[in-house]
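K.L.:
here's a sequence, model it:
(chains A and B)
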Amino acid sequence: MSYIAKPKVSHPSLPRNKLGLTARDYEGAVSTLCAGCGHDSVTAAVIQAVFELNIEPHKLAKMSGIGCSSKTPAYFVNQAHGFNSVHGRMPSVTTGAYVANRELTYIGVSGDGDSLSIGVGQFVHAIRRNLNMCYIIENNGVYGLTKGQFSASADIGSKPKKGLPNQQEPIDPVSTAISLGATYVARSFSGDKQQLVPLIKGALRHDGFALVDVISPCVTFNDHEGSTKSYAHTRQFYHHVVDVDYIPPAEEIRADYEEGEAVPVDLYDGSVIMLRKVNEYYDPTSRAAAFKYLREHFNAGEITTGLLYIDEARGEMHDLMGNVDTPLAELPLDSLKPPSGELKRILKRYQ
Amino acid sequence: MKPTEMKPTDTTKPEYFHKVVDCQWACPAHTDVPLYIRLIAQGRFSDAYMENRESNVFPGILGRVCDRPCEPACRRGRVEDKPVAICRLKRVAADHRDDITDRLPKAPARSNGKKVALIGAGCASLTVANDLRPLGYEVTIFEALDTTGGLMRTNIPKFRLPPEVLDEEIGYILDMGVALRLNHRIDSMRALLDGGEFDAVFVGTGAPRGKNLEIPGRYDSDRIHIGIDWLESVAFEHVGTIGERVLIIGVGNTAMDCCRTSLRLGARDVKVMARKPRGYFKASDWELEDAEEENVEIIVNHSPKAFVIEDGKLVGMRFELMEYRVDDRGRIDRGTVTGETTIPCDDVILAIGQDNAFPWIERDIGIEFDEWECPVVDETTMMCSREGVFFGGDSAFGPKNIIWAVAHGHEAAISIHRYCQAEDIADRLPVGINLSSQKMGMHEWSYSNDYDPAARRLMPHVDLRERFKKLDIEVELGFTVEQTIQEVERCLNCDIQTVFAAKLCIECDACIDICPVNCLTITHNGDEQDLRTRLSAPAENLEQALYVSADLPHTGRVMVKDEDLCVHCGLCAERCPTGAWDMQKSTVLIPYATDEAAESRRHRKAGTSAA
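P.N.:
Okay, the predicted model is just below:
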């Protein structure tokens, strides 16, 4: 916790985006998380991503539940909409918000406790609905707010600061999401913004449920030797399989890609994600192959990162429900309410 | 490590952190600016004054008329556009100090048996006296005029520097028991040296000859004056009036004093004639501003051609109209003449520079002079080619300013001491540095670390009508309490250094994320040119160093800090979970003659040679 706020002074040559804003304009309150918390780096990555995507602050909705992770929406884009919900219930609240207004960009920030324990039911059903949101899990394997008990993502054999190593099978949010049919599934590390920022940008622009599982070490309760979610351990067992470059709509692909090295994926809004395969045998468009690869490497203790699965063909929630394009919140009342004759006709069907 | 990669910055060398304190580095006397500003902030005016006095000897004088090399160097001027009003704050310390006489250095009861002659009673000689008297040297100052202070008294008008301020600060030195021989011009260096009365001689005679302008008509009127001579005549009240229309030739600081003095002697229409366009003037910006506030007109691109004399009377001056081309690096060409014009006037004051003049130093006594008639002087020891003769101030390397003269005086005093003690004058104490952590608690630092966005305070001036009533009404009123409180908070505390310990870093990026001015980056090493382009913000100010760490333990990358715009807020250290960053106060240890003397004593006691 810091007693002074980050000074408003900034570098005079700070770049401005298409809205004339600098990245500093997308900041939020000063973090009250522990110094060195991975979550603060994820916050910085989110700021960078929304800045680069030229998102208007009032067109962004920040959603969260309870936990250290769920505090982070307070630390970015002060002028955005926000909802800090009951523990684990962020997906339902986001569903409601998205039903009412499909024109906002939704970013949910959750943790391994919020999503994989108390909120696991919510999490899986948001995936089933293909709720159009960027869902970030700040995954550190412990409950930091309650002083470091293991969470559902703790690996077998991982040692706590005090007490015995974890013996329960962890829930891997990435393979869980792929198995449930999520349409954009990525994993990254808070200490690797070069990889993380484009993944968040892709997730924000993906039309459907986009999961970004971020290994985000708990510097206070889970950064010691023997922990499998520490900075040191993550760096040691971390490997990129597919990196991405996000290319905004109507922008030329400037980087030179070697033949066969990069695969473009078109997003619904005209932007392109270039998949750069670090492992040439990995196919992020095949659900079965991705799942198999992930399980094998997960069992070997490796931390597989990158855009691990993508499916741009499946429609998001409103498409699946056949809803109108206009946000329901903006429809006039008489078009939302059936006329009395119609209401009688409907009721008659049940008589 | 590849051969082209940057080596970890060696912060054990005092220069590294000294240079981060831009103001202190730029000051010839290396005044510890951030420290005295903090003392002012705490209301410790006397302590702030004494801190100043140690390095610059004349805080009250310099707080008004210093050339302020510190201010253009101030980091605040790069972060925003205006630097901290360092000079004005120095005056605050002087204005609000209590009686500090019992804190001044004192001469010992007994002489050390060595006699030193100082020629000229200006700031350079006075500094030497200030440093040598406390060591027991018998010091004699020879002065041609009937008063002390040299150019500070004769050339700086009283409305900028009141005589009481001069008298008080010069008095501190003279009161240590300095023999002062006024009205005693040294006419022959040979005679002085042959007299054998003195163990060492210091020359601090300034650059007393104003440059002339040899163009037609120069000697046909008595209304054409040499600037510094004219100012001296005004200072000694030999001149009390001037014509209505005055032209000042030249745009240096002397020109600014001449035009403002003219207004106080009855001139109504004062024009400062510049050969070159704005941006190429020698005068400091603030002196230009002060003159223009008094409705002095500055006319650019006019090159003097001739004085116009009619019936033996000066009636005007002819100028060539100039045009210049400036290249993309800001360099200006010699210009081309596009026409001519005559500007009517009653008086002309020439303020186009000063030269050294040593008609009293014989050229066959072992004192070498260069092609510009300047003595050949060693820049470190201040000794000339004849042993035992030292120079300082404008007389050493040509016209500079008061603060340079003070710096020369300190160095010369060290040399004179070592010379008189038969020690090698080149083997001087090195500059040192101390670092101490300023962490007081989890989120508490010993200094005011928050960034205050306040703009630079403006010096209040005496009303424009009021100030011309008398010649000696000091125009600047000094900062008010409220202004002082705000201005001290603008200092960025550059002496509170960001010190990095690579082995503790876990590369969590917390410092990088919190840094308000994007000065931190973790990246793979490279050569400097390449590295400067790969940082969080490009490091384009090549005068500012990159602070490069040793390889980081987890990934072998390096932490790079661009020193350029760091506001020393301490948030990097506050957000660091492992204490890899710390905020440490650097104290630059500048040796003075007293330190040399203490070192000599220590060696004598230990029975070793100081040399």
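K.L.:
tell me the residues of the stretch 51-200 of chain B that contact chain A?
P.N.:
B:78-80 (Cβ under 8 Å from any Cβ of the partner chain). All C-beta atoms are positioned from the backbone trio N, CA, C, and that covers glycine.
K.L.:
let's see it at 7 Å
P.N.:
When proximity is defined by Cβ under 7 Å from any Cβ of the partner chain, the stretch 51-200 of chain B lies next to chain A at B:V79.
K.L.:
do the same with chain B
P.N.:
B:79, B:443, B:449-451, B:453, B:506-510, B:513-514, B:516-518, B:537, B:554-555, B:565, B:567, B:569, B:571, B:574-577.
K.L.:
of the residues you listed, just the buried ones, ChimeraX syntax please.
P.N.:
In ChimeraX syntax, the buried subset of those is picked out as below (16 or more other Cβ atoms under 10 Å in any protein chain shown):
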select /B:79,443,449,451,506,507,508,509,510,513,514,516,517,518,537,554,565,567,569,571,574,575,576,577
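K.L.:
in helices only, show me the residues of chain B next to chain A.
P.N.:
Among these, the members falling in helices (DSSP state H) are B:79, B:510, B:513-514, B:571, B:574.
K.L.:
and the residue of chain B nearest chain A?
P.N.:
B:P577 (2.7 Å; Cβ to the nearest Cβ).
K.L.:
which stretches of the stretch 151-300 of chain A have low pLDDT?
P.N.:
Scanning the stretch 151-300 of chain A for pLDDT under 70 picks out the ranges A:254-256, A:259-260.
K.L.:
repeat the analysis, applying 80 as the threshold.
P.N.:
For the stretch 151-300 of chain A, residues meeting the criterion pLDDT under 80 lie at A:250-262, A:277, A:279-280.
K.L.:
burial check on A:D325, number of neighbours?
P.N.:
Close neighbours of A:D325, defined as other Cβ atoms under 10 Å in any protein chain shown, add up to 7.
K.L.:
check the gap between B:R223 and B:S549 for me.
P.N.:
67 Å (Cβ to Cβ, to the nearest Å).
K.L.:
of the two, who's got more company?
P.N.:
It is B:S549, of B:R223 and B:S549, that has more neighbours when counted by other Cβ under 10 Å, with 21 against 18.
K.L.:
give me phi/psi at the closest residue to A:E302 other than its chain neighbours?
P.N.:
Excluding the flanking residues, the one nearest A:E302 by Cβ to Cβ, 6 or more residues apart in numbering or on different chains is A:F237, at 5.4 Å. Phi and psi for A:F237, reported as degrees, to the nearest 10, are phi -110, psi 20.
K.L.:
before we move on, what about B:P375?
P.N.:
Phi and psi for B:P375, reported as degrees, to the nearest 10, are phi -70, psi 150.
K.L.:
check contacts around the nearest residue to it once chain neighbours are set aside.
P.N.:
Excluding the flanking residues, the one nearest B:P375 by Cβ to Cβ, 6+ apart is B:C384, at 4.9 Å. When contacts are counted by Cβ atoms under 7 Å, 6 or more residues apart in numbering or on different chains, B:C384 touches B:367-368, B:375-377, B:391.
K.L.:
could you rerun that using 6 Å?
P.N.:
By Cβ atoms under 6 Å, 6 or more residues apart in numbering or on different chains, B:C384 lies in contact with B:367, B:375, B:377, B:391.
K.L.:
then B:V431?
P.N.:
Neighbour list for B:V431: B:14, B:590 [criterion: Cβ under 6 Å, 6+ apart].
K.L.:
next, the buried residues of the host helix or strand of A:T176.
P.N.:
Assessed by DSSP states H and E, A:T176 sits inside helix A:173-180. Across helix A:173-180, burial judged by 16+ other Cβ under 10 Å covers A:173-178, A:180.
K.L.:
now the strands for chain A?
P.N.:
A:60-64, A:81-84, A:105-111, A:133-139, A:142-143, A:149-150, A:184-189, A:209-215, A:238-247, A:262-266, A:272-277, A:303-310 (DSSP state E).
K.L.:
pretty sure B:E287 is touching B:A255, no?
P.N.:
No. The pair B:E287 and B:A255 fails to qualify as a contact (Cβ atoms under 6 Å) at a distance of 8.9 Å.
K.L.:
which one of these two has more residues nearby?
P.N.:
Set B:E287 next to B:A255 and count neighbours by other Cβ under 10 Å: B:A255 wins out with 28 against 22.
K.L.:
make sure I have this right: the more buried one is in a helix.
P.N.:
Yes. Read with DSSP: H, G, I helix; E, B strand; the rest coil, B:A255 is one of the residues of a helix.
K.L.:
what's it in contact with, if anything?
P.N.:
Listed by Cβ under 6 Å, 6+ apart, the contact set of B:A255 reads B:248, B:272, B:351.
K.L.:
count the neighbours of the first one for me.
P.N.:
To tie it back to what came earlier, the one meant is B:I248. By the measure other Cβ under 10 Å, the count of residues near B:I248 is 33.
K.L.:
quick one, phi psi at it?
P.N.:
When read as degrees, to the nearest 10, the backbone of B:I248 gives phi -110, psi 130.
K.L.:
quick one: pLDDT of it?
P.N.:
Note for B:I248: predicted pLDDT of 97.
K.L.:
what's the spacing between it and B:M273?
P.N.:
Taking Cβ to Cβ, one finds B:I248 at 7 Å from B:M273.
K.L.:
ok, now the last one?
P.N.:
Using Cβ to Cβ, B:A351 is found at 10 Å from B:M273.
K.L.:
give me the element B:C258 is part of.
P.N.:
helix B:253-264.
K.L.:
for the chain, what's the longest helix?
P.N.:
No chain specified, so I'll use chain A. From DSSP H, the single longest helix across chain A is helix A:38-52.
K.L.:
wait, I meant chain B there
P.N.:
Chain B, longest helix under DSSP H: helix B:402-420.
K.L.:
can you tell me what sits against it?
P.N.:
B:28-29, B:56-57, B:66, B:114, B:116, B:123-124, B:127-128, B:131-132, B:199-200, B:202, B:381-383, B:390, B:392-393, B:396, B:425, B:428, B:592-593, B:596.
K.L.:
for that helix, C-alpha coordinates in PDB please.
P.N.:
In PDB, the C-alpha atoms belonging to helix B:402-420 read as follows (Å, rounded to 0.1, in the frame of the first residue of the first chain):
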ATOM      1  CA  ILE B 402      30.900  35.200  -9.700                       C
ATOM      2  CA  ILE B 403      30.200  31.500  -9.000                       C
ATOM      3  CA  TRP B 404      33.100  30.400 -11.200                       C
ATOM      4  CA  ALA B 405      35.400  32.900  -9.400                       C
ATOM      5  CA  VAL B 406      34.300  31.300  -6.100                       C
ATOM      6  CA  ALA B 407      35.000  27.800  -7.400                       C
ATOM      7  CA  HIS B 408      38.500  29.000  -8.600                       C
ATOM      8  CA  GLY B 409      39.100  30.500  -5.200                       C
ATOM      9  CA  HIS B 410      38.400  27.200  -3.400                       C
ATOM     10  CA  GLU B 411      40.800  25.300  -5.700                       C
ATOM     11  CA  ALA B 412      43.500  28.000  -5.500                       C
ATOM     12  CA  ALA B 413      43.300  27.900  -1.700                       C
ATOM     13  CA  ILE B 414      43.900  24.200  -1.600                       C
ATOM     14  CA  SER B 415      46.900  24.700  -3.900                       C
ATOM     15  CA  ILE B 416      48.300  27.600  -1.900                       C
ATOM     16  CA  HIS B 417      48.000  25.500   1.300                       C
ATOM     17  CA  ARG B 418      49.700  22.500  -0.200                       C
ATOM     18  CA  TYR B 419      52.300  24.700  -1.800                       C
ATOM     19  CA  CYS B 420      53.100  26.500   1.400                       C
END
